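> With the input below, show me the fold.
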Amino acid sequence: MAADSEPESEVFEITDFTTASEWERFISKVEEVLNDWKLIGNSLGKPLEKGIFTSGTWEEKSDEIFFADFKFSVTHHYLVQESTDKEGKDELLEDVIPQSMQDLLCMNNDFPPRAHCLVRWYGLREFVVIAPAAHSDAVLSESKCNLLLSSVSIALGNTGCQVPLFVQIHHKWRRMYVGECQGPGVRTDFEMVHLRKVPNQYTHLSGLLDIFKSKIGCPLTPLPPVSIAIRFTYVLQDWQQYFWPQQPPDIDALVGGEVGGLEFGKLPFGACEDPISELHLATTWPHLTEGIIVDNDVYSDLDPIQAPHWSVRVRKAENPQCLLGDFVTEFFKICRRKESTDEILGRSAFEEEGKETADITHALSKLTEPASVPIHKLSVSNMVHTAKKKIRKHRGVEESPLNNDVLNTILLFLFPDAVSEKPLDVTTSTDNNYPPSESEDYNLYNQFKSAPSDSLTYKLALCLCMINFYHGGLKGVAHLWQEFVLEMRFRWENNFLIPGLASGPPDLRCCLLHQKLQMLNCCIERKKARDEGKKTSASDNVTNIYPGDAGKAGDHLGPDDLKETDKDKGEVGKSWDSWSDSEEEFFECLSDTEELKGNGQESGKKGGPKEMANLRPEGRLYQHGKLTLLHNGEPLYIPVTQEPAPMTEDLLEEQSEVLAKLGTSAEGAHLRARMQSACLLSDMESFKAANPGCSLEDFVRWYSPRDYVEEEVIDEKGNVVLKGELSARMKIPSNMWVEAWETAKPVPARRQRRLFDDTREAEKVLHYLAIQKPADLARHLLPSVIHAAVLKVKEEESLENISSVKKIIKQIISHSSKVLHFPNPEDKKLEEIIHQITNVEALIARARSLKAKFGTEKCEQEEEKEDLERFVSCLLEQPEVLVTGAGRGHAGRIIHKLFVNAQRLTESSDEAAAMTPPEEESKRMGSPEERRQNSVSDFPPPAGREFILRTTVPRPAPYSKALPQRMYSVLTKEDFRLAVKIIDGDV
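Presented below is the predicted three-dimensional model:
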């Protein structure tokens, strides 16, 4: 038994030779991909329209397969077309040759300007490519190439796919493809030859015809005629006869007397170099027949002037240097800097003299020892002027980043009111260079969150841009900003309003820096009004009016008087149990006359409405219609109230955070309500002062009429009367309005504690400005710079009227509004916006370059001018433009002249070559082919020559079905390529 068991154990070691090999798995994968993409069978499309390869939509699908451990990518390229009605045609499709073979004879798309290389070489509308997935991988050996071709052939036969299938071989830069297409009874082989040097016998049409005829090996004699399509491409590179029209900016004129500071409000525009590098002229002979044309090594009939079709394309300079784009890009680079202003300019501006020689051991004693300081030297303005002197001392006049001429010019541009002794009305700007305030361009700042184009912030952004680009770079920016902050301090202390800012509270639609400047202007306005109010005599004070004079006050006071009266505020004790966070009190010195007047305020604190009725009314504005007080029937007067404190967006955010931190508890909610009711308390105190003897119901009737409900009731005598009462929400226990009313004292607005402490807020703004680093400043002003760049692009585009540019500008505005409307946008998104603006600038520069070269402004006839402008516009938007009338049309004559002038320049530069010895001359002339090309003086030798040869012959036997054959050839200076499409039928 043991002997019998041994051979049984060997059964499990038998090798299974039916297992699929790696090659078979690869073929199976190819078949699987073709089935997944539904490329099985024949699907005929409609005939190809002219130009469809360029104007149509191409799509592609990709997948990955492996041959052992070598990865290939399979890509299906196809032209999207409308599906055709196949009903009733299924039985006819069985014997029809594949679509790719039928398209072979179509001449509508022989030389597409923009298409896949296989589309240009073979005229295909659909094909599949198998190529190494990694860019560095390549199929180099002949055995591997044959193995792949065999795999393709088997996969096509097994699936019945009639779409051409190609395999990319050799290095990818060579663009070498071989392929196959199978149909019912036919087979197409796609072959290719690629050489680095053109053989002499194949540099002309006659040599290529010999190749084609030998390749198809037609057994018939005589051979059927060969149809020929030819295209020669000529390149114009020398534009010396046309100077680039862009003028460089005159830096010296920026501070010149004839230009003045207004030059700082303008952005540069245009390319510094010609954005059009080359012009390519393609001369085409689309339908020729063998025997009609002669082109050999001795003579050629192919004269470009006589070509029936001309088409032109332009080659654009890669990344031309554009002034506006560089301008904005350099400013954006500041955003990435981390240095502070003091670090950039050197030592601190407020350094003490001799500090560098002081002993560090005396530092603490210096802080504690007494020092006599004259009172007149304690003012802020004196400190600022001292600081400016020390800045000059540390840097030296010659070391300043900005010289005085440039600095003074900028400051006069920013602050035009500084020219005259008396400040101008600076709430708005009246410069005609800016768009009207009703226009769409003016309101663009709402979308960009920048600043109005006539504002100080906008001008400051432009000036800093120009300083950064032309004068001193980052140091110049820091210097100008330091001077700007000092100017803000000077204006605050001397009550000079800041020009170029709209009046009123900060506009939250603008950038934060603009809001801060508006806030400072509000502080200056309040301070100025308060200082002027102190100078007026007590007899002119509108609040000191007795009830008997109320009618007169109503006659004399109006909305305009309210502004001045509202700002004339004094200071009394803390209101509402001193809930404010501020521990500082600001007392205004009242006149002795006012202090001696017995206004009965102390008695009003303890008494009720009757005692309050005995008080003298103060702070009345005007009578409120026919309303009277409910208790004593006196007319109800609207009081002079304090305006609510203006807020910038960072203060609003800070306040929201403080209120949110109070939590949701009852105590937190109560404190939150009290903090939010400061303005309500102030208005109640003003109302009590203006209406002695009033009640909460009187206040509600004026302040919130909806909370006073009136209804008709019948009294004891049977008369219908109106009875009013507070609304339900006003009767809620511990109502905030009731608490505030009980706490409020009869104090007129001018003697209340200020809701808006302009002194403190101004110092906060000035401190905020002083601590801004150049990077922070650039972040604040970048939206304004982008805003200015977009306006500049729109202005320049309106002069050229390019439809494609209009669409791009709208896209830039839409994109920018999404990015800039939120704080701290990403650098990558900002770079995208700047890149888009630069591209538009280059596009407009290209349009101007082409218009200058084609002389659109020199055309005397309006019709010719319109045709040329349309032609230039098409050159910018389309890959290739057909020249109407070829060489005999108006545009064709201009192009011909451009080439003639370039050739003359070339010939004049080669005059020295005429003196060379004969043997060197023969070497210079080169081959007979080159001598033949150089004989054409109007045009240079063609940079590229393309030939398409077609015929219909039976293959492989004389009795086989006649099938189309095609060969494409391209000849350049360093490249020779043949793409042959040979179709064999059944034997």
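
> Could you look up the SS state of residue 465?
helix (DSSP: H, G, I helix; E, B strand; the rest coil).

> typo on my end, residue 136
coil.

> do the same with residue 957
Residue 957 - assigned by three-state DSSP - is coil.

> Can you get me a residue count around it?
By the criterion of other CB atoms under 10 Å, residue 957 has 12 neighbours. No exception for glycine: its C-beta is placed from N, CA and C like everyone else's.

> Residue 808 now?
Residue 808 has 17 neighbours, counted by other CB under 10 Å.

> For the residue nearest in space to the middle of the chain, give me its contacts.
For the chain, the residue nearest the mean C-alpha position is residue 833 (2.4 Å; CA atoms, centre = their mean). Residues near residue 833 by CB atoms under 8 Å, 6 or more residues apart in numbering: 786, 812, 815-816, 819.

> rerun at 6 Å
If you count contacts by CB atoms under 6 Å, 6 or more residues apart in numbering, residue 833 has them with residue 816.

> Same check on residue 272?
Neighbouring residues of residue 272 by CB under 6 Å, 6+ apart: residue 321.

> gap between it and residue 496?
Remark: distance between residue 272 and residue 496 (CB to CB, to the nearest Å) = 42 Å.

> what does residue 37 give?
Residue 37 sits at a distance of 76 Å from residue 496 (criterion: CB to CB).

> Quick check: which ranges of the stretch 701-850 of the chain have low pLDDT?
Where the stretch 701-850 of the chain drops to pLDDT under 70, the residues are 718, 720.

> which residues are in contact with stretch 887-904?
By CB under 6 Å, 6+ apart, the list of residues contacting stretch 887-904 from outside reads 236, 238, 241, 305, 310, 854, 864, 871, 883, 885-886, 938-939.

> Helix or strand: which one has the residue nearest to the centre of the chain?
Per DSSP states H and E: residue 833 is located in helix 827-854.

> Name the next helix or strand downstream of that helix, please.
Once helix 827-854 ends, the next helix or strand along the chain (criterion: DSSP H and E) is helix 862-877.

> quick one, that following helix and helix 827-854 angle?
150 degrees (axes from the mean of the first three to the mean of the last three CA atoms, to 10 degrees).

> Tell me the neighbouring strands of the helix or strand that helix 862-877 is followed by, and mark each as parallel or antiparallel.
Next along the chain after helix 862-877, taking DSSP H and E as the criterion, comes strand 881-883. Using DSSP bridges, strand 881-883 pairs in its sheet with strand 309-316 (antiparallel).

> And the strand it pairs with, what's buried?
Within strand 309-316, the residues scored as buried using 16 or more other CB atoms under 10 Å are 310-314.

> how about these in CSV, adding distance to residue 982?
CSV is the format used below for the buried residues of strand 309-316 (distance: CB to CB, whole Å):
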residue, distance to residue 982
310, 33
311, 30
312, 35
313, 32
314, 37
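
> and which of the residues you listed is nearest to residue 113?
Closest approach between the buried residues of strand 309-316 and residue 113, by CB to CB: residue 313, at 6.3 Å.

> From residue 151, how far out is the nearest residue to residue 945 once chain neighbours are set aside?
Of all residues not flanking residue 945 in the chain, residue 971 sits nearest, at 4.6 Å (CB to CB, 6 or more residues apart in numbering). According to CB to CB, residue 971 stands 33 Å off from residue 151.

> show me where pLDDT drops low in the stretch 401-550 of the chain?
420-440, 533-550.

> 90 instead?
401-454, 465-476, 482, 493-496, 498-511, 519, 521-522, 525-550 (pLDDT under 90).

> Do a quick rundown of the helices in the stretch 51-200 of the chain.
Counting by DSSP state H, counting those that start in this stretch, the segments of the stretch 51-200 of the chain that form helices are 52-55, 99-102, 117-122, 142-159.

> in this structure, which strand has the most residues?
Looking across the chain with DSSP state E, the single longest strand is strand 276-289.

> now the helix or strand that contains residue 491: how far from the chain's centre is it?
Using DSSP H and E, residue 491 maps to helix 473-493. Mean-position distance between helix 473-493 and its chain equals 29 Å (CA atoms, centre = their mean, to the nearest Å).

> what does whatever helix or strand comes next after it contact?
Toward the C-terminus, helix 473-493 is succeeded by helix 512-535 as the next helix or strand (DSSP H and E). The contact list for helix 512-535 (CB under 6 Å, 6+ apart) reads 451, 457, 492, 495, 497-498, 501, 506, 567-568, 646, 648, 758, 761-762, 765, 780.

> Please enumerate the strands of the stretch 701-850 of the chain.
With strands called from DSSP state E, counting those that start in this stretch, the stretch 701-850 of the chain shows them at 708-714, 720-726.

> contacting residues around the last one?
Residues from elsewhere that reach strand 720-726, judged by CB under 6 Å, 6+ apart: 708-710, 712-715.

> Out of these, which two sit at the greatest distance?
Farthest pair in the contacts of strand 720-726, by CB to CB: 708 and 714, 20.6 Å.

> more crowded one of those two?
Shown here are residue 708 and residue 714; by other CB under 10 Å, residue 708 has more neighbours (19 against 10).

> Against residue 784, how distant is that one?
Distance from residue 708 to residue 784, by CB to CB: 48 Å.

> Then residue 704?
If you go by CB to CB, the gap between residue 704 and residue 784 works out to 41 Å.

> Looking at these two now, which is surrounded by more residues?
Taking other CB under 10 Å, residue 704 and residue 784 do not tie; residue 784 has more neighbours (30 against 15).

> Surely the more buried one touches residue 450?
Yes - assessed by CB atoms under 6 Å, residue 784 is found in contact with residue 450 at 4.1 Å.

> which stretches of the stretch 351-500 of the chain form helices?
Under DSSP H, counting those that start in this stretch, the stretch 351-500 of the chain gives helices at 363-368, 380-395, 404-414, 444-448, 456-470, 473-493.

> Need the winner for burial among the ones you listed.
Stretch with highest mean neighbour count among the helices of the stretch 351-500 of the chain: helix 456-470 (a mean of 24; mean count of other CB atoms under 10 Å).

> if we can go back for a sec, out of the contacts of stretch 887-904, which are buried?
236, 238, 310, 854, 871, 883, 886, 938-939.

> May I see those organised as TSV, with distance to residue 624 added?
Shown next, in TSV, are those (distance: CB to CB, whole Å):
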residue	distance to residue 624
236	83
238	85
310	84
854	75
871	74
883	81
886	86
938	93
939	91
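
> I'd like these as TSV, with distance to residue 467 and pLDDT appended.
As requested, the buried ones among the contacts of stretch 887-904 are exported to TSV (distance: CB to CB, whole Å; pLDDT from 0 to 100):
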residue	distance to residue 467	pLDDT
236	41	89
238	39	72
310	50	94
854	39	85
871	43	89
883	48	91
886	54	87
938	52	83
939	51	88
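
> So what sits opposite the residue nearest to residue 945 in the bridge?
Assigned bridge partners for residue 971, using DSSP bridges, are residue 945, residue 976.

> Confirm for me that it is in contact with residue 198.
Yes - with contact defined as CB under 6 Å, residue 971 reaches residue 198; the gap is 5.3 Å.

> Can I get the contacts of strand 720-726 in JSON lines including distance to residue 637?
What follows is those, written out as JSON lines (distance: CB to CB, whole Å):
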{"residue": "708", "distance to residue 637": "17"}
{"residue": "709", "distance to residue 637": "23"}
{"residue": "710", "distance to residue 637": "21"}
{"residue": "712", "distance to residue 637": "27"}
{"residue": "713", "distance to residue 637": "28"}
{"residue": "714", "distance to residue 637": "32"}
{"residue": "715", "distance to residue 637": "29"}
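
> Most neighbours among those, which one?
residue 708 (19 neighbours).
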